[in-house]
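**Student:** Using only what follows, build the 3D model:
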Amino acid sequence: MNPRHVAAIALRQYYLLRSSPTRLVPLFAWVAIDIVLWGFIARYLDRIAPHGPDFLLTLLGAALLWDFFTRIMHGVTTAFLEDVWSRNFLNLFATPLSVSEYVLGLVLTSIATSLVGLAVMLALASLAFGFPFLAYGAQFVPFVVVLFLFGIALGILASAMVLRLGPASEWLVWPIPALLSPFASVFYPLAVLPAWMQAIARALPPSYVFEGLRALVAGKPFPLRELAWAAGLAAAQIVLAYACFVAVFRATVRSGLLARYSAESTA
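**Tutor:** Residues are numbered from 1 along each chain as shown. Prediction:
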């Protein structure tokens, strides 16, 4: 693997952002709206139920983490789709660029863009609503890491889906986080779900993250074992998602679909 090739993929995305400032708006605009919305909801619930759970931590914290996961996933897929929209995907692989270098470049791009969104979310939540991020400090990091790993896995898998089905299938990518949120038990305990949904939730690393977050806020011990299992699960899913992307890429090359890649479906 050539680090210069990986850096070139990330650098291309930087030039795109620099040349088109409107591309910067989604990095912080939607997350800011979500933080403001859930911040006021949490503040209202804390006022009408002063002796209930800490809604600021449970609701606003959950919204913050879920938005971070969404930005990670969309960061990977958007970087991939930029190459699709510009009809540049085939040109990239006319160079000595490997699939692993390309995927790693997408991941680096996602890290950079999602960190911008995370910084905006933390600043807004802390300054506007007094979210006690610093009070938890290092304990907050493992939750973010697990969501980061799962977001990367899902972003790679979504890119493989678009590569196989064609650019017209990109509309399937954007609602994926919303479709997963009921199973991830973002805003409620896992126990309220029916048994079949709980079975699916146990295969999703975010469910362990949000269960652990609620346990931590309730004063229970740090869920180290659960988070370690979730991190291992997410890492395995990254490997599977990458294997899927490679298999789809090779299939499109063998079938000739890659050469005919356009705005229409390649199915």
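
**Student:** Could you use CA atoms for every contact and neighbour count after this?
**Tutor:** Noted.

**Student:** Who are the contact partners of Phe150?
**Tutor:** Phe150 makes contact with Phe69, Pro205, Pro206, Ala234, Ala235, Gln237, Ile238 under the criterion Cα atoms under 8 Å, 6 or more residues apart in numbering.

**Student:** mind redoing it with 7 Å?
**Tutor:** By Cα atoms under 7 Å, 6 or more residues apart in numbering, the contact list for Phe150 reads Pro205, Ala234.

**Student:** which stretch of helix or strand covers it?
**Tutor:** helix 140-165 (DSSP states H and E).

**Student:** Could you do Ser114 as well?
**Tutor:** Counting by DSSP H and E, Ser114 is found in helix 99-129.

**Student:** Run the chain-centre distance for that helix.
**Tutor:** Offset of helix 99-129 from its chain centre (Cα atoms, centre = their mean, to the nearest Å): 9 Å.

**Student:** so what secondary structure elements neighbour it?
**Tutor:** Packed against helix 99-129 by the contact rule (3 or more Cα pairs under 7 Å, 6 or more residues apart in numbering; DSSP states H and E) you find helix 3-19, helix 25-48, helix 61-85.

**Student:** Give the other helices and strands that the next helix or strand after the second one contacts.
**Tutor:** So that's helix 25-48. Per DSSP H and E, helix 25-48 leads on to helix 55 as the next helix or strand towards the C-terminus. Here helix 55 touches helix 25-48, going by 3+ Cα pairs under 7 Å, 6+ apart.

**Student:** still on that earlier bit, what's the angle between the helix holding Ser114 and helix 3-19?
**Tutor:** Interaxial angle of helix 99-129 relative to helix 3-19 (axes from the mean of the first three to the mean of the last three Cα atoms, to 10 degrees): 40 degrees.

**Student:** now helix 99-129 against helix 140-165, angle please.
**Tutor:** Interaxial angle of helix 99-129 relative to helix 140-165 (the same axes, to 10 degrees): 130 degrees.

**Student:** buried set for helix 99-129?
**Tutor:** 99, 101-111, 113-114, 117-118, 120-125, 129 (16 or more other Cα atoms under 10 Å).

**Student:** hang on, the earlier thing: quick check: buried residues in the helix holding Phe150?
**Tutor:** 142-165.
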